[in-house]
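Trainee: predicted model follows, preceded by the sequence.
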Amino acid sequence: MFLGHLSMENQIKTIQLTRGQRQKLYAIRRRADPFEGCALLLGTFREEDNTAIVLQVVEMENIAQSSSSFAIDPEHQYRILTIASLNDLELVAIFHSHPAPPRPSGHDLEFMAYNPCAWVIDGISRDGRHSMRAYQFIEEHLFEVTIRIRS
C-alpha cells in the first residue's frame, strides 16, 4: 500500500520503533537544538493491524533553521524516497522536534494534509520533560497514533 492514499479505513493505528531508533530520534533533537530537528522514518505498513514498522531513520537537515518550524530540502527528500522505494520501503512517518508540547502546530497540520503518513513529534511537556507522540491527519481529522517500542 502506498501511504499517500490513506483513508479512515486503513489509517495507521500504531507505529513501531526500536529502542535504538528512539534514541537516534532523541539525538537528532539534541543536535538540532535550538532549531527543530527532523527525520524521515522509512519502513513498511502492515495492513492486517494498521501498524507502521520503522526500519530506517534518516536524519534530514532543517533548511528553515527555525525553532518554530521545519523544512526539508525537496530534492534531498526525493532522492531518499526514490532509494527507499527501490528497497521496498516507504515513508511511514515524518519526525520533528518542538520546543513546546508534542502536539501538531497549525503549520504542521497544513503540511500533514499533504503528507498523510504518521507524524512523530518530540516536545517538552508542561513539567519540562521531553515526550514523544505521534499523529496522523486524514480527511480533515487528526488521530493520535500509538508509539510502541519493540526490541
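Mentor: Thanks, I have it.

Trainee: return the set of buried residues in the lowest-mean-pLDDT helix or strand in the chain.
Mentor: With mean pLDDT, DSSP states H and E as the measure, the helix or strand of the chain carrying the lowest mean pLDDT is helix 106-112 (a mean of 93). Within helix 106-112, the residues that count as buried by 16 or more other Cβ atoms under 10 Å are 108, 111-112. Every residue, glycine included, has its C-beta placed from N, CA and C.

Trainee: ok, then the element right after that helix?
Mentor: The helix or strand immediately downstream of helix 106-112 is strand 118-124, counting by DSSP states H and E.

Trainee: distance from the chain centre to that following strand, please.
Mentor: Between the mean C-alpha location of strand 118-124 and the chain-wide mean there is a distance of 7 Å, by Cα atoms, centre = their mean, to the nearest Å.

Trainee: and stretch 24-43, by the same measure?
Mentor: Per Cα atoms, centre = their mean, the centroid offset for stretch 24-43 relative to its chain is 10 Å.

Trainee: with just CA atoms, put it into PDB.
Mentor: Coordinates of each C-alpha in stretch 24-43 appear next as PDB, following Å, rounded to 0.1, in the frame of the first residue of the first chain:
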ATOM      1  CA  LYS A  24      18.500   8.200  17.400                       C
ATOM      2  CA  LEU A  25      15.500  10.500  17.300                       C
ATOM      3  CA  TYR A  26      16.400  11.900  20.700                       C
ATOM      4  CA  ALA A  27      19.900  12.500  19.400                       C
ATOM      5  CA  ILE A  28      18.600  14.300  16.300                       C
ATOM      6  CA  ARG A  29      16.600  16.600  18.500                       C
ATOM      7  CA  ARG A  30      19.600  17.400  20.700                       C
ATOM      8  CA  ARG A  31      21.900  18.000  17.700                       C
ATOM      9  CA  ALA A  32      19.400  20.400  16.100                       C
ATOM     10  CA  ASP A  33      18.800  22.500  19.300                       C
ATOM     11  CA  PRO A  34      17.900  25.400  19.300                       C
ATOM     12  CA  PHE A  35      16.200  24.600  16.000                       C
ATOM     13  CA  GLU A  36      13.600  21.800  15.200                       C
ATOM     14  CA  GLY A  37      15.300  18.600  14.300                       C
ATOM     15  CA  CYS A  38      13.700  16.400  11.600                       C
ATOM     16  CA  ALA A  39      14.000  13.000  10.000                       C
ATOM     17  CA  LEU A  40      12.200  10.600   7.600                       C
ATOM     18  CA  LEU A  41      11.100   7.300   9.100                       C
ATOM     19  CA  LEU A  42      11.100   4.600   6.400                       C
ATOM     20  CA  GLY A  43       9.600   1.100   6.700                       C
END
